[in-house]
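Peer 1: structure for the following, please:
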Amino acid sequence: MIFAAGLGTRLRPLTDNMPKALVPVAGKPMLERVILRLKEAGFDDITINIHHFGEQILDFLKANHNFGVNIHISDERDRLLDTGGGIKKARPFLDGDEPFLIHNADILSDIDLAAFYRHHLESDADATLLTNHRNTSRYLLMNEENRLCGWINKSTGEVLPTDLTYPADGYQEQAFGCVHVLSPSIFRYMENERWDGKFSITPFYIDICREAHIQGYPIDSKGWFDVGKPETLAQAEAYYANSAG
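Peer 2: Coordinates of the predicted model:
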């Protein structure tokens with residue numbers, strides 16, 4: 001599943017007349033880059049959620065014949081549901097006998113997505129989260145086995161779960177890379193009425209981490225870009241322009 005419903009407020013004025021997912025990076029829309037990366041990794045059935053200028057995404061996919069893969073649309077044009085709510089709404093397309101990969105449209109990387117997916121398959125985890133060690137204000141807290149135990153906001157000092165003792169030996173701070181693989185078992189945790197409608201996936205992961213098995217998959221930050229803001233869009237532009245050269 002590709003998250004392509006965001007408003008793209010950090011990229012205004014580029015997103016005043018187009019969805020963030022269609023903003024070009026070195027001449028190619030970020031959505032196209034993500035679709036082709038997934039296709040290259042062996043994914044041939046992709047769900048895309050839409051909201052902001054959603055009709056432009058539909059037209060773009062149609063004009064490109066869905067890039068030769070089977071594409072489902074999870075339509076959030078009536079109400080934007082955030083990352084967790086977006087996954088839950090798309091459940092009819094995702095639920096089944098095998099895990100599924102979630103990828104933000106504004107995340108570009110050169111990691112081996114097929115190897116990432118295989119790593120999840122070879123584990124007993126309910127979710128595997130791509131992480132890195134970049135500087136940010138909010139971190140996932142992992143134990144020595146790379147299992148999610150909590151979360152910290154460095155700017156406010158807030159720690160979740162609230163009874164978690166941190167700083168403490170054995171926890172490592174990892175930044176969420178916005179690519180994750182989920183087993184269908186994750187949906188049973190969403191059946192709690194707390195997780196209805198609009199909600200973010202990170203608080204959900206933190207809430208269930210003592211019950212569910214959620215693991216990290218740390219990577220080097222080089223070659224990973226959050227292109228949802230102007231400065232990192234410029235960095236990605238330079239990176240992909242040089243790669244093409």
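Peer 1: strands of this protein, start to end?
Peer 2: 2-3, 24-25, 28-29, 45-50, 70-75, 100-104, 107-109, 127-132, 138-142, 148-153, 158-160, 172-182, 214-218, 224-226 (DSSP state E).
Peer 1: which strands and helices lie in contact with the second one?
Peer 2: Same thing as strand 24-25. helix 230-244 (3 or more Cβ pairs under 8 Å, 6 or more residues apart in numbering; DSSP states H and E). In this view, the C-beta of every residue, glycine as well, is placed from N, C-alpha and C.
Peer 1: helices and strands of the protein: which one has the lowest mean pLDDT?
Peer 2: helix 230-244 (a mean of 86; mean pLDDT, DSSP states H and E).
Peer 1: so what's the residue nearest the centre of the chain up against?
Peer 2: Centroid-nearest residue in the chain, with Cα atoms, centre = their mean: C178, separated by 3.2 Å. Counting by Cβ atoms under 8 Å, 6 or more residues apart in numbering, C178 touches H103, N104, I107, L130, D226.
Peer 1: same thing but at 7 Å, please
Peer 2: N104, I107 (Cβ atoms under 7 Å, 6 or more residues apart in numbering).
Peer 1: how far away is A127 from H213?
Peer 2: 8 Å (Cβ to Cβ, to the nearest Å).
Peer 1: revised request: answer the last question for N135.
Peer 2: Taken as Cβ to Cβ, the span from N135 to H213 is 28 Å.
Peer 1: can you list the weak-confidence ranges in the chain?
Peer 2: 169, 244-245 (pLDDT under 70).
Peer 1: cutoff 50 now
Peer 2: Along the chain, the parts satisfying pLDDT under 50 run over 245.
Peer 1: could you report the neighbour count for the closest residue to Y171 other than its chain neighbours?
Peer 2: Using Cβ to Cβ, 6 or more residues apart in numbering and skipping the chain neighbours, the partner closest in space to Y171 is L141 (4.6 Å). The local packing of L141 (other Cβ atoms under 10 Å) involves 24 other residues.
Peer 1: isn't L141 up against G150?
Peer 2: Yes: if you go by Cβ atoms under 7 Å, L141 and G150 touch, sitting 4.1 Å apart.
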